[in-house]
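**Q** Structure, please.
(chains A and B)
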2 protein chains.
Amino acid sequence: MYISVPATSANLGPGFDTLGVALDLRNEVEIRRSRFFSVSIRGEGANNVRLKGNNLFISIFNEHYRKLTGRQEKFRFTFYNKIPLSRGLGSSSAVIVSAIAAAYGAAGVSIPKEKLLNLALTYEPHPDNITPAIMGGFNVALVERGIVYSLKKEMPKEVQAIVAIPDRPISTASSRKRLPKRYTTQDVVFNLSHSSLLTAAIFAERWEMLRIAAKDRLHQSLRMEAMPELFTLQRIALDNGALMSTLSGSGSTFFNMVYAKDAPRLEGVLKERFPNFKIYTLNFDNEGLILRD
Amino acid sequence: MYISVPATSANLGPGFDTLGVALDLRNEVEIRRSRFFSVSIRGEGANNVRLKGNNLFISIFNEHYRKLTGRQEKFRFTFYNKIPLSRGLGSSSAVIVSAIAAAYGAAGVSIPKEKLLNLALTYEPHPDNITPAIMGGFNVALVERGIVYSLKKEMPKEVQAIVAIPDRPISTASSRKRLPKRYTTQDVVFNLSHSSLLTAAIFAERWEMLRIAAKDRLHQSLRMEAMPELFTLQRIALDNGALMSTLSGSGSTFFNMVYAKDAPRLEGVLKERFPNFKIYTLNFDNEGLILRD
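**A** Predicted structure coming up:
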């Protein structure tokens, strides 16, 4: 069995805990029945011994597989990981989603994507990474009484993402601690209006609106203070063709959207100015989770 | 010269100061050069003597006409008003928009709708009524440095509005006073996510999502406490086919969206249960401001 899940950029601009998009950068896993339990990891996380021993994927997989079949069986897991760890590109959501899907696949039980989404929510309470990881495309998502409600827009080829991945993470926990507990009406309306306009701009493919609509006042600057060169990166991106430039998740990766025709130039500028960052130009992903027997 | 401007429902659901839609219920005004200044008002406001003497329309018209021509001239104004006053249906926005448009028309100066929108903003700082009044349709709008940025979705015929107009207003000022100064992160994310999902649902015409997406936690309930029967109205509307049911502006009108096929039944139920309210089934308006020489 083969499962593949895309990277995701969530918390998109003003869309705190709400807006996310899938990127064509995938974690893949192959699963075969085996006489011995074994795990091999290639790519991101390959050198991390602790990951092999205490693997989130394995524990979620086992939990669901046992629940579905009443049995504990042995599998050989081979991971091909491309999503960087702890950089705000949805690596944990990819693990959660693929582990649940794998358990259902291995048990021979088919599961609709909507049900998978609500199961994933029990491990990741914010819907903005798990939704695009499963559905692909740009997603608006919210949770009501444990159910995810979401709408998807397929992203066209005329736009691409350029992600700038720093050589170190921003801790999500310490990053959340920087945030205020309460917000003024002015800031609330700012983000509410920008997130709504960003949603409209993407659904209507009015890309010229993104530069205005993608602004945030709730969390982004406070988090970027932990890595001030991101302010420079954002300014350079917006000066060199980016339609929008915003923290991916809670960082440290920066997500830039560009017209595909402008991507090579912006990629070049960012590579030159940020030689320690990984700079990738990526297509958007419209497939989400892929599962093959 | 003839000018016509539609009624609008703003503050739509969670879209505080952001989302608004135009309704096919119009204020019209005819303006002719005349030897004497005269004003006649038919329809809403016709019996209000103070309105004739100190008319917001006339003062905005004169201000712009003088600025454009350097002259003060005499006109005969005939108003045919259908938008109820002080009921949250955008009657002041209609006055502001039509007065500025009339001054430009009378001066023989053409004005793009975008420029008109930014001029109107100087009289009405929230963009969510003036934008649909000018543009028509459903609009997402925000203001940055005195400029309105907005996107419009034309509303299809398959959905209609049923407005329930109480026999008395809720004072906007006292209504604003009920609102808190600061909001928790949870409430902020609630409205931000719902407003974004409502926007997506309307742009994608996924009407079944409105019931979830149209919920608000910032202002609606606090304002409705001034007129508790509105809670009953909302429940009855949602139980009888409304896709969404929400305060129009800051009230007192309630805005309900329905499939056109369900409109007669809901209109009947609301008329029966709220005999003192005016209940109108309206098409959405996609034209906005209309000006003819």
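**Q** And A:Arg50, what's its pLDDT?
**A** At A:Arg50 the predicted local distance difference test score is 57.
**Q** swap in the one 10 residues further on?
**A** Model confidence at A:Ile60, expressed as pLDDT, equals 96.
**Q** Which positions in whatever helix or strand it lives in come out as buried?
**A** Element membership for A:Ile60, per DSSP states H and E: helix A:56-69. If you call a residue buried by 16 or more other C-beta atoms under 10 Å in any protein chain shown, then helix A:56-69 has these buried ones: A:57-58, A:60-62, A:64-65. (Each C-beta comes from the backbone N, C-alpha and C, glycine too.)
**Q** From those, pick the one nearest chain B.
**A** Proximity of these to chain B was ranked by C-beta to the nearest C-beta; the top entry is A:Ile60 with 25.6 Å.
**Q** wait, that closest one sits on A:Ala120?
**A** No. A:Ile60 is not in contact with A:Ala120 according to C-beta atoms under 8 Å; the separation is 9.3 Å.
**Q** Which neighbours do those two have in common?
**A** Shared between the contact lists of A:Ile60 and A:Ala120 (criterion: C-beta atoms under 8 Å, 6 or more residues apart in numbering or on different chains) are residues A:96, A:100.
**Q** which residues does A:Arg182 contact?
**A** Taking C-beta under 8 Å, 6+ apart as the definition of contact, the neighbours of A:Arg182 are B:182-185.
**Q** typo on my end, A:Gly13
**A** Residues near A:Gly13 by C-beta under 8 Å, 6+ apart: A:19, A:194-195, A:198, A:213-216, A:220, A:244, A:246.
**Q** Contact residues of the stretch 1-150 of chain A facing chain B?
**A** Residues of the stretch 1-150 of chain A lying close to chain B by C-beta under 8 Å from any C-beta of the partner chain are A:14-19, A:140-142, A:144, A:149-150.
**Q** where does chain A have its least confident helix or strand?
**A** Least confident helix or strand, chain A: helix A:49-53 with a mean of 55, by mean pLDDT, DSSP states H and E.
**Q** mind showing which ranges of the stretch 1-150 of chain A have poor pLDDT?
**A** A:47-54 (pLDDT under 70).
**Q** Swap in 50 and give it another go.
**A** Scanning the stretch 1-150 of chain A with the threshold set as pLDDT under 50 gives A:53.
**Q** Helices of that one, start to end?
**A** Across the stretch 1-150 of chain A, reading from the start of the chain, the helices by DSSP state H, counting those that start in this stretch fall at A:49-53, A:56-69, A:91-106, A:113-120, A:127-135.
**Q** Just say which of those is most tucked in.
**A** helix A:127-135 (a mean of 31; mean count of other C-beta atoms under 10 Å in any protein chain shown).
**Q** Contacts for that helix next, please.
**A** Contact with helix A:127-135 is made by A:5-6, A:8, A:10-12, A:15, A:17-22, A:90, A:92-94, A:96-97, A:113, A:116-117, A:120-121, A:124, A:138-139, A:141-143, A:148, A:150, A:152, A:249, A:285, A:288-289, as judged by C-beta under 8 Å, 6+ apart.
**Q** hmm, 7 Å instead?
**A** Defining contact as C-beta atoms under 7 Å, 6 or more residues apart in numbering or on different chains, one finds that helix A:127-135 is touched by A:5-6, A:8, A:10-11, A:17-22, A:90, A:93-94, A:96-97, A:113, A:116-117, A:120-121, A:124, A:139, A:141-143, A:148, A:150, A:152, A:249, A:288-289.
**Q** Can I have the buried ones of those as a PyMOL selection?
**A** The buried residues among the contacts of helix A:127-135 can be selected in PyMOL (16+ other C-beta under 10 Å) with this line:
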select buried, chain A and resi 5+6+8+10+11+17+18+19+20+21+22+90+93+94+96+97+116+117+120+121+124+139+141+142+143+148+150+152+249+288+289
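**Q** How about the backbone phi and psi for the residue nearest to A:Arg206 when sequence neighbours are not counted?
**A** Computed as C-beta to C-beta, 6 or more residues apart in numbering or on different chains, the closest residue to A:Arg206 that is not its neighbour in sequence is B:Leu151, at 6.0 Å. The phi and psi values for B:Leu151, taken as degrees, to the nearest 10, are phi -130, psi 140.
**Q** ok, what's across the strand from B:Leu151?
**A** The bridge-partner assignment for B:Leu151, based on DSSP bridges, gives B:Val140.
**Q** hang on, isn't it packed against A:Glu205?
**A** No. Look at B:Leu151 against A:Glu205 with C-beta atoms under 7 Å: they stay out of range, at 10.7 Å.
**Q** Surely A:Ser196 and B:Gly15 touch.
**A** Yes. Using C-beta under 7 Å, A:Ser196 is in contact with B:Gly15, at 6.2 Å.
**Q** what's the overlap in contacts for those two?
**A** With contacts defined as C-beta under 7 Å, 6+ apart, the residues shared by A:Ser196 and B:Gly15 are B:Ser195.
**Q** In the lengthiest strand in chain A, which residues are buried?
**A** Taking DSSP state E as the assignment, the strand of chain A that covers the most residues is strand A:19-33. Buried residues in strand A:19-33, defined by neighbour count with 16+ other C-beta under 10 Å: A:19-31.
**Q** Tell me the confidence at A:Arg178?
**A** Predicted confidence (pLDDT) at A:Arg178: the value is 79.
**Q** Where does the closest residue to it other than its chain neighbours sit, in terms of helix or strand?
**A** Closest residue to A:Arg178 apart from its sequence neighbours, by C-beta to C-beta, 6+ apart: A:Leu222 at 4.5 Å. Using DSSP H and E, the secondary-structure element containing A:Leu222 is helix A:220-224.
**Q** quick one: contacts for the residue sitting furthest away from the middle of chain A?
**A** Taking C-alpha atoms, centre = their mean as the measure, the residue most remote from the mean C-alpha position of chain A is A:Arg35, 34.3 Å away. Taking C-beta under 7 Å, 6+ apart as the criterion, A:Arg35 is in contact with A:Lys74.
**Q** Let's have the buried residues of helix A:56-69 in TSV, adding distance to A:Ala260.
**A** Output for those, formatted as TSV (distance: C-beta to C-beta, whole Å):
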residue	distance to A:Ala260
A:Phe57	33
A:Ile58	39
A:Ile60	36
A:Phe61	37
A:Asn62	42
A:His64	39
A:Tyr65	41
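**Q** Just name the closest of those residues to A:Gly43, please.
**A** Nearest to A:Gly43 among these: A:Phe57, at 13.9 Å, using C-beta to C-beta.
**Q** Distance check, the closest one against A:Ile165.
**A** Here the distance between A:Phe57 and A:Ile165 works out to 22 Å (C-beta to C-beta, to the nearest Å).
**Q** likewise A:Ser59?
**A** A:Ser59 is 27 Å from A:Ile165, where distance means C-beta to C-beta.
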